[in-house]
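>>> Compute the structure for the input listed below.
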Amino acid sequence: MTLFLASVRNTDEAETVLGAGADIIDLKDPGKGALGALDLDAIWACVSHVDGRVPVSATVGDLPLQGTIVCDAVRAVASSGVDYVKLGLFPGGGARSCLNLLAEEARSVPLILVIFADALLDFDVVEAAASIGAHGVMLDTAGKSSGSLLDYLSVEALTDFVAAAKAEGLSVGLAGSLSAEQVPSLLPLQSDLIGFRGALCRGGARGAALDPEACAAIRDLIPRCSESSIKPGLAA
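Residues are numbered from 1 along each chain as shown. Below you'll find the predicted structure:
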């Protein structure tokens, strides 16, 4: 079972992807980086608008991996009522120690750790995610103009990543400037979700308005799942 995750930045976009049949709504601001965060008022508004129709995730933003900053941001986003909180593990030091500090938060917050295929870390993030009790892991790309996930990692490498995450009991997602043409190559990997932003937008530009026809085209490529199979967790 692979779910269709659509990234949106406001309630209008949330309604567009709901109309197209997205399984999960992901809240982020594409104008603020790879995992740019919406302000908390916008997150609250989107959660209220979706009103439980599908699960909602939200990113805490492109933050430095400093324990206090990250923990405060995770708590703040979780307080909005989202189902999952996403944290990007950017390189530059401090990632492992930051994760250790998040163990307490992970007991009460369904935490998704995002790993970047074009900026990989020097430790086993899947093992670390499992050790702190994170809900899942997701592969993405940090640079949105220099290629897609499949330009950095082969299908074989992605297959191994999905298998490793599932062996640890983690949900696992794939994203990173993915196109409609790449979906048939990714579905056999049986990740729990595949995420999109640019492919849903007019002209394929992630900062542009959503294109309902593009959203519907992605939906048609991913077999639909029953609503009961989506909640309460993403893992199959």
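
>>> Give me the helices and strands touching the lowest-mean-pLDDT helix or strand in the chain, please.
The least trusted helix or strand in the chain, going by mean pLDDT, DSSP states H and E, turns out to be helix 95-101, with a mean of 89. Applying 3 or more C-beta pairs under 8 Å, 6 or more residues apart in numbering; DSSP states H and E, one finds that helix 95-101 makes contact with helix 67-78, helix 125-132. Bear in mind the C-beta positions are built from the backbone N, C-alpha and C, glycine included.

>>> what element comes up after the last one heading to the C-terminus?
On the C-terminal side of helix 125-132, the nearest following helix or strand under DSSP states H and E is strand 136-140.

>>> Dump that next one to CSV, restricted to CA.
C-alpha atoms of strand 136-140 as CSV (Å, rounded to 0.1, in the frame of the first residue of the first chain):
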residue,chain,number,x,y,z
GLY,A,136,9.2,7.1,10.3
VAL,A,137,11.8,8.3,7.9
MET,A,138,11.5,10.0,4.5
LEU,A,139,14.0,10.4,1.7
ASP,A,140,13.9,13.8,-0.1
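
>>> Which residues does it contact?
Contacts of strand 136-140 with the rest of the structure, by C-beta atoms under 8 Å, 6 or more residues apart in numbering, involve 34-35, 84, 86, 88, 112-117, 125-126, 129, 149, 153, 158, 161, 165, 170-176, 192-193, 195, 234-235.

>>> Buried residues, the least confident helix or strand of the chain. List them.
For helix 95-101, burial by neighbour count (16 or more other C-beta atoms under 10 Å) applies to 95, 98, 99, 101.

>>> got it, and stretch 69-89?
Buried-residue list, stretch 69-89, by 16+ other C-beta under 10 Å: 70-71, 73-74, 77-78, 80, 82-89.
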